[in-house]
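Undergrad: structure for the following, please:
(2 chains)
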Amino acid sequence: MIKVQGLSKEFSDPKRGTRLAVDGVSFEVRAGEVFGLLGPNGAGKTTTLRMLATLLKPSAGSATLNGFDIVREPDKVREQIGFLSGDMGLYGRLTPRETLEFFSQLNGMDSRRGQQRIREVLSLLDMNAFADVRGDKLSTGMKQKTAIARAILHDPPVLILDEPTSGLDVPTARSIEAAVLDAKTTGKCVLYSTHVMEEAEYLCDRIGVIHDGKLKTTGTMEELRQETGKQRLREIFLNLLGLAA
Amino acid sequence: MRFSMIKAIFRKELLDMSRDRRFLISVAVVPLIVFPLLISGMAKLLPRIQRQADADALTLAIAVRISTPSIREGLEKAGLRLVEKDDLKASVQNKSAGAAVEEMPSSPPEVRIYVDASDPSSSAAGERVREALTELKDRRIREELRNSGIDERVLAPFTVNRVNVAGDRKMAGALYGSVLGYVLLLLMFTGGMYPVIDMTAGEKERKTLEALLASPARRSEIVMGKTLTAIAAILATACLTVASMAYSLRNLRGNGNGLTPPDPRMAELQQSMGTIPLDASTIGLIAVVLIPLAIFAASLMFAIALKARSFKEGQSYLTPLAFVVIFPALLGGLPGLKMTPQLCLIPIFNASQMIHGILLGEVSQVNFAVTLAANLGYSAIAFFLARRMFDDEKVLFRS
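TA: All right, here's what the predicted structure looks like:
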């Protein structure tokens, strides 16, 4: 379960001054739910997700993941999450199997459990054909599958996915979406950020729209339709941003 | 800190590095191939150049302006080919003569020898002229003494002999110690540079750092694992450098096929090298000096490279560090420097001096303890700095 309360992040730059990238964002994500975070470029999605993954410290507000506070207990938070962003790289000189073995050790899995889980994940994501090929020889889709595998390897109760299908072809994107739905049915809590409206409509139980660092609204598709009077998520989104025709 | 995390990160970095051609070149190939090639190449070339110069000196013309017939005769008897030239200096400069001799109108007479010291052949020719004139001078002195009825033995009332009380080990230590410290320290820094940049700025550039930061590994464990990898690379470079230099110098000899005999200076050097004891205590002492320095080097480079956004930027930050290392490392190898506990506080310089002292067999316990404590202190500070940098969001996510 994710609980976010008044989360803010301010960046200061000697040349550009201070900028409030995330401004008082509050939302909750329940177990067995996929919560979509939508917003234009620079809205604050990635910054929000990075704070929840303990990569950045919030300037104000608080958040807990499965009961652990992101500021006071970051180590515990990281044990609960699988984090993936669309532009995360892979180790070019290691194979997917070696990468997964490394992350299984970091996640405290013993050798037997780690190998078993690696086999399961390789099978789930249909990666056996390239599991022993070096990272720098893989296609974009293969790399992203490996990144997903890394995020779900330790079977975390919370998944934080930042544009995970970015740049992928349809079949590969579909396999990523299948993994997300699988996570949901097994009771995981999934926070999912995307630009692709159709993907958000397909996957997400509830959606939050963020713009200029502020969370404009949250709700199910039905609730958003009633709020804006629009049917398709694309129009709902543009309407909430004040860009509807 | 959890040892299992540090071990996992260390092993992964080693595996990654072992598959990187550039890492293998900087840590292994350079010490193993370049030094033997350089040393054996120089050992073969230098004597050959000298022999060629000596051979040229036999045939080169000597320009002369001499009025005293006996001096001219002495030079001719020495087998020198004398020629007349209007401008003696110019004839040496434009190589129409190997050297020139001029008798100056003064009392007593002065004979000047002009050589181009930048040209080994001219120097060799000038040396032949000097030898011929010295022999002529000695002969004339003896004649004058005989004519005066004075015994020639007045020229040598007593003999003077120089005896070196330093044993072979100490001589080798003085020779090897002045070079080894400098070479080792420079290579340690340059050998560790590539893996450090790759593990910091390189990971940022390849966007692989985020996944590691989002894992359960603590920041201190990540820094420790990566620093240990850098230390391993630095120490590996040091070991391979010492081994390849020792191997190269030991094998300096004319080969056994009856070709050119070993150069006397190289033979002396080889003899000295062979006498350096490779016992556990010498190796152990050098290792004790190098380990804190390796930690210091790795941590300092880690902290600096972490600020870079890309591999190239990391190189531009760290390359000047190599120049900063050269100066104290060179100074530390200077012979005759009296070490004090205060001087032992200067990093890099203290290690270079310690290595010199260990190889000479002269190490003060106080100075050794101060050097060790100082370098351990500096390495702790550098590691703390690296750890602090790793907590800074602006540094980690600088783009």
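
Undergrad: can you tell me the SS state at the residue nearest to the spatial centre of chain A?
TA: The centroid of chain A falls nearest to residue A:161 when counting by CA atoms, centre = their mean (1.3 Å). Under DSSP: H, G, I helix; E, B strand; the rest coil, residue A:161 falls in the strand class.

Undergrad: just checking, residue B:245 touches residue B:34?
TA: No. Assessed by CB atoms under 8 Å, residue B:245 is found out of contact with residue B:34, at 10.8 Å. From N, CA and C alone the C-beta is placed, and that goes for glycine too.

Undergrad: more crowded one of those two?
TA: residue B:245 (21 against 13; other CB atoms under 10 Å in any protein chain shown).

Undergrad: now that one: how far from chain A?
TA: 31 Å (CB to the nearest CB, to the nearest Å).

Undergrad: looks to me like residue A:83 is in a helix.
TA: No. Using three-state DSSP, the secondary structure at residue A:83 is strand, not a helix.

Undergrad: who are the contact partners of the residue of the stretch 51-200 of chain B found nearest chain A?
TA: Nearest residue of the stretch 51-200 of chain B to chain A (CB to the nearest CB) works out as residue B:198 at 10.1 Å. With contact set as CB atoms under 8 Å, 6 or more residues apart in numbering or on different chains, residue B:198 has these partners: B:17, B:20, B:23, B:311.

Undergrad: please redo it, this time with the cut-off set to 7 Å
TA: Residues near residue B:198 by CB atoms under 7 Å, 6 or more residues apart in numbering or on different chains: residue B:311.

Undergrad: name the single longest helix found in chain A.
TA: helix A:170-185 (DSSP state H).

Undergrad: state the mean pLDDT of that one.
TA: Helix A:170-185 shows a mean pLDDT of 87.

Undergrad: got it, and stretch A:222-238?
TA: Model confidence over stretch A:222-238, given as mean pLDDT, is 88.

Undergrad: and the helix or strand hosting residue B:91, what's buried?
TA: Taking DSSP states H and E as the criterion, the element that holds residue B:91 is helix B:88-93. For helix B:88-93, a neighbour-count test (16 or more other CB atoms under 10 Å in any protein chain shown) marks B:88, B:91, B:92 as buried.

Undergrad: how about these in TSV, adding pLDDT and distance to chain A?
TA: TSV is the format used below for these (pLDDT from 0 to 100; distance: CB to the nearest CB, whole Å):
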residue	pLDDT	distance to chain A
B:88	89	67
B:91	90	64
B:92	91	61
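
Undergrad: related to what we said a few turns ago, the helix or strand that the longest helix of chain A is followed by close to chain B?
TA: Next along the chain after helix A:170-185, taking DSSP H and E as the criterion, comes strand A:189-193. No. On the criterion CB under 7 Å from any CB of the partner chain, strand A:189-193 is out of touch with chain B, staying 13.3 Å away.

Undergrad: low-confidence ranges in chain A?
TA: Confidence mapping of chain A against pLDDT under 70 gives the ranges A:244-245.

Undergrad: for it, which residues are neighbours of chain B?
TA: So far as CB under 7 Å from any CB goes, chain A lies against chain B at A:53, A:55-57, A:75, A:78-79, A:83, A:85, A:87-91, A:93-94, A:102-103, A:105-108, A:150.

Undergrad: all helices for the stretch 201-350 of chain B, in order.
TA: Ranges of helices in the stretch 201-350 of chain B, per DSSP state H, counting those that start in this stretch, are B:201-206, B:209-213, B:219-250, B:264-275, B:280-305, B:311-332, B:349-360.

Undergrad: buried deepest among the ones you listed, which one?
TA: Among the helices of the stretch 201-350 of chain B, the stretch with the highest mean neighbour count (mean count of other CB atoms under 10 Å in any protein chain shown) is helix B:349-360, at a mean of 26.

Undergrad: who's in contact with the longest helix of chain A?
TA: With CB under 7 Å, 6+ apart, helix A:170-185 has contacts from A:32, A:34, A:124-126, A:141, A:144-145, A:148, A:152, A:159, A:164-165, A:168, A:190, A:192, A:199, A:202-203.

Undergrad: what's the angle between it and strand A:81-85?
TA: Helix A:170-185 runs at 160 degrees relative to strand A:81-85, counting by axes from the mean of the first three to the mean of the last three CA atoms, to 10 degrees.

Undergrad: CA atoms of helix A:170-185 as CSV?
TA: Extracted C-alpha coordinates of helix A:170-185, given in CSV (Å, rounded to 0.1, in the frame of the first residue of the first chain):
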residue,chain,number,x,y,z
VAL,A,170,3.5,-3.3,-29.6
PRO,A,171,4.3,-7.0,-28.9
THR,A,172,6.9,-6.2,-26.3
ALA,A,173,4.8,-3.5,-24.7
ARG,A,174,2.0,-6.1,-24.5
SER,A,175,4.2,-8.5,-22.6
ILE,A,176,5.1,-5.8,-20.1
GLU,A,177,1.4,-5.0,-19.7
ALA,A,178,0.7,-8.7,-19.1
ALA,A,179,3.3,-8.7,-16.4
VAL,A,180,1.7,-5.7,-14.8
LEU,A,181,-1.8,-7.3,-14.8
ASP,A,182,-0.2,-10.5,-13.4
ALA,A,183,1.2,-8.4,-10.6
LYS,A,184,-2.2,-6.9,-9.9
THR,A,185,-3.9,-10.2,-9.7
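
Undergrad: in terms of pLDDT, where does residue B:164 sit?
TA: pLDDT, read off for residue B:164, is 77.

Undergrad: now do the helices in chain A.
TA: With DSSP H, the ranges of helices along chain A come out as A:45-52, A:74-80, A:96-106, A:111-124, A:140-152, A:170-185, A:197-203, A:221-228, A:233-240.

Undergrad: so which of these is nearest residue B:222?
TA: Within the helices of chain A, the stretch nearest residue B:222 is helix A:96-106; the backing value is 9.5 Å (CB to CB).

Undergrad: list of residues touching that closest one?
TA: A:90-91, A:114, A:117-118, A:121, A:127, A:130-132, A:146, A:149-150, A:153, B:5, B:8, B:12, B:215-217.

Undergrad: one more: stretch B:109-126?
TA: Counting by CB under 7 Å, 6+ apart, B:49-50, B:53-54, B:56-57, B:60, B:62, B:68, B:71, B:88-89, B:92-93, B:98-104, B:129-130, B:133 sit against stretch B:109-126.

Undergrad: in PyMOL, how would I select the buried members of those residues?
TA: Buried residues among those (16+ other CB under 10 Å), as a PyMOL selection:
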select buried, chain B and resi 53+56+57+60+62+71+88+92+98+99+100+101+103+129+133
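
Undergrad: restricted to strands, list the contacts of stretch B:109-126.
TA: Among those, DSSP state E puts B:62, B:99, B:100, B:101, B:102, B:103, B:104 in strands.

Undergrad: state the number of residues packed around residue B:45.
TA: Here the count is done by other CB under 10 Å, and residue B:45 has 10 residues near it.

Undergrad: show me the contacts for residue B:178.
TA: Neighbouring residues of residue B:178 by CB under 7 Å, 6+ apart: B:333, B:335, B:356.
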